[in-house]
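In: Would you be able to build a 3D model of this:
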Amino acid sequence: MRPKILVVGAGFGGMAAVKALKHADADVLLVDRTNHHLFQPLLYQVATAALSPADIATASRVLLRRNRNASVLMADVTGVEPTAQVVKLADGRTLRYDYLVLATGAAYSFFGRDEWADHAKVLKSIDDALSIRDRLLFAFERAEQCDDPAEVTRLLTFVVVGGGPTGVELAGTIAELARTTLARDFRHIDPQSARIVLCEAGQHVLGAFPGDLPDYASGALRSLGVEVRLGEAVTLVDADGIVLGDERIDAAVVLWCAGTQARPAAIWLGAAAARNGAVKVTENCSVPGHANIFAIGDVASFDPGTAKPLPGLAPVAKQQGKYVGRLIADRIAGREKAVPFRYRDLGTMAVIGRSRAIADFGRFQLKGFLAWLGWSMVHLMLLVDFRSRLMVYVNWSWAWFTYGRGARLLTGRGDTGIARKERSRSENEKT
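Out: As a prediction, this is how the structure comes out:
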């Protein structure tokens, strides 16, 4: 009977593991709550109307069409029973496995203030991105119809919490959306007057980058019109905005990009975890005490080579997935080699806006147009199929020459949550 290999999560790590198992004499099952693989590094461009979801997402079944030993199941995993070697699903079913690869990723953490999640939007999925896009565009549409100057100011205020790569990318792109794309499209408001506030509790945005790169990023954001607030912590998030230090900032949209928490694999397994909930793994990415269970990507912690956590980056997950897939295939074939996983750091990049980015390659750094050009080429090549590369290239080229964005359609899909003040007043008048 052929071994059953269960891979949970269709992100970079899970997909890399399944592809590495292409020639394994085993039955491979990829389980994910969605039916697609998402290129998360460009998700912020869906949220800001630069790209459409289909440009950066591809059906998992399409990507694995040539993997004859692999199948896909769209389901939500809720637990693992290591002794029985089964995974539990939300609908009550169980799946048996001989080898288990957990690549469930991470979610945003509100640092113990979970009630803030009702008022701040996060960016982890296509649904998140579309919800943010609707809120941004509806805010301008609602402001165009509003006669109250104070409410117009609130509607045209956008707050981004967290100065990491996602926060910087969102803040810079929202500023470009307001200052260029929408600048001439309205008659009663001036989109260029929009206030974009980026809040970072630390002393620098993109603080993981060395040298003067964080300072360059702050300067580039400010030149785009972003209000960069450093060394100040958010103390409240509610329906109408935030409190930053001692200052109240009313805003139509609050985007939360500060801190992550690994999805509950450690709880499922009763395994030792890092502060962010990630599973502490051995040198071959297996869970201590469970030689046939592996954790990779954001759900895993600790690099035995450095005794430090690995960064939550796509290259880490892809390298771990490829390593674990090959290890399992070799183990099944009886030729396993005791070679520990080692992460190969190829560099880190972050984009700030049009023609502006920073890059750290260890021995040297880049900033400005060359870094942006390198970032663009790398991300085009990392997209998983030719169609995605072509569509993104066409959209980027169009945006470069016209400053336009093609994904700005609103369908009136329901309440976007930007007009709470107006709704509260109308409800009070009725009573």
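
In: Residue 411: how many residues sit nearby?
Out: Taking other C-beta atoms under 10 Å as the criterion, the count of residues near residue 411 is 6. For every residue, glycine as well, the C-beta is placed using N, CA and C.

In: Tell me the spacing between residue 18 and residue 31.
Out: Distance, residue 18 to residue 31, by C-beta to C-beta, to the nearest Å: 11 Å.

In: residues shared between the contacts of the two?
Out: Overlap between the contact sets of residue 18 and residue 31, as judged by C-beta atoms under 8 Å, 6 or more residues apart in numbering, is given by residue 7.

In: In terms of packing, which of those two has more residues around it?
Out: Legend: neighbour count by other C-beta under 10 Å for residue 18 and residue 31, higher for residue 18 (28 against 21).

In: what kind of secondary structure is the more buried one in?
Out: Following DSSP: H, G, I helix; E, B strand; the rest coil, the label given to residue 18 is helix.

In: Wait, it touches residue 64, no?
Out: Yes - counting by C-beta atoms under 8 Å, residue 18 touches residue 64, with 6.3 Å between them.

In: residues shared between the contacts of those two?
Out: 30, 70.

In: Now for the nearest residue to residue 405 once chain neighbours are set aside, how many residues are close by?
Out: Counting by C-beta to C-beta, 6 or more residues apart in numbering, the nearest residue to residue 405 once its immediate chain neighbours are dropped is residue 49, at 4.5 Å. The burial metric for residue 49, expressed as a neighbour count using other C-beta under 10 Å, is 25.

In: Does residue 49 belong to a helix, a strand or coil?
Out: Taking three-state DSSP as the rule, one finds residue 49 in the coil state.

In: my guess is it meets residue 136, correct?
Out: Yes - the pair residue 49 and residue 136 passes the contact test of C-beta under 8 Å, sitting 7.4 Å apart.

In: How far does stretch 4-16 sit from its chain's centre?
Out: 17 Å (C-alpha atoms, centre = their mean, to the nearest Å).

In: Which stretches in the stretch 101-250 of the chain count as helices?
Out: The residue ranges that make up the helices of the stretch 101-250 of the chain, judged by DSSP state H, counting those that start in this stretch, are 126-144, 149-155, 165-176, 213-223.

In: okay, those, which one's buried deepest?
Out: Counting by mean count of other C-beta atoms under 10 Å, helix 165-176 has the highest mean neighbour count of the helices of the stretch 101-250 of the chain, with a mean of 26.

In: Can you measure across stretch 202-221, start residue to end residue?
Out: Distance between the two ends of stretch 202-221: 16 Å, counting by C-alpha to C-alpha, to the nearest Å.

In: what do you get for stretch 409-418?
Out: End-to-end span of stretch 409-418 (C-alpha to C-alpha): 17 Å.

In: Equivalent analysis for stretch 92-111, please.
Out: With C-alpha to C-alpha as the measure, the ends of stretch 92-111 fall 31 Å from one another.

In: and what of stretch 135-151?
Out: Start-to-end span of stretch 135-151 (C-alpha to C-alpha) is 15 Å.

In: got it, and stretch 99-119?
Out: With C-alpha to C-alpha as the measure, stretch 99-119 spans 40 Å from end to end.

In: Ok, stretch 227-238 next?
Out: Span of stretch 227-238 from end to end, C-alpha to C-alpha: 20 Å.

In: What of stretch 83-91?
Out: End to end - C-alpha to C-alpha - stretch 83-91 spans 21 Å.

In: can you check stretch 380-387 too?
Out: Calculated as C-alpha to C-alpha, the first-to-last residue distance of stretch 380-387 is 11 Å.

In: contact partners of it?
Out: By C-beta under 8 Å, 6+ apart, the list of residues contacting stretch 380-387 from outside reads 15, 37, 39, 41-42, 56, 58, 62-63, 314, 389, 392-393.

In: Are any of these buried, and if so which?
Out: Buried by 16 or more other C-beta atoms under 10 Å: 15, 37, 39, 41-42, 56, 58, 63, 314, 389, 392, out of the contacts of stretch 380-387.

In: now those in a markdown table, with pLDDT, secondary structure and distance to residue 409?
Out: Output for the buried ones among the contacts of stretch 380-387, formatted as a markdown table (pLDDT from 0 to 100; DSSP: H, G, I helix; E, B strand; the rest coil; distance: C-beta to C-beta, whole Å):
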| residue | pLDDT | secondary structure | distance to residue 409 |
| --- | --- | --- | --- |
| 15 | 98 | helix | 30 |
| 37 | 97 | strand | 25 |
| 39 | 96 | coil | 21 |
| 41 | 96 | helix | 24 |
| 42 | 97 | helix | 19 |
| 56 | 96 | helix | 17 |
| 58 | 96 | strand | 22 |
| 63 | 96 | helix | 27 |
| 314 | 92 | helix | 29 |
| 389 | 94 | helix | 24 |
| 392 | 95 | helix | 19 |
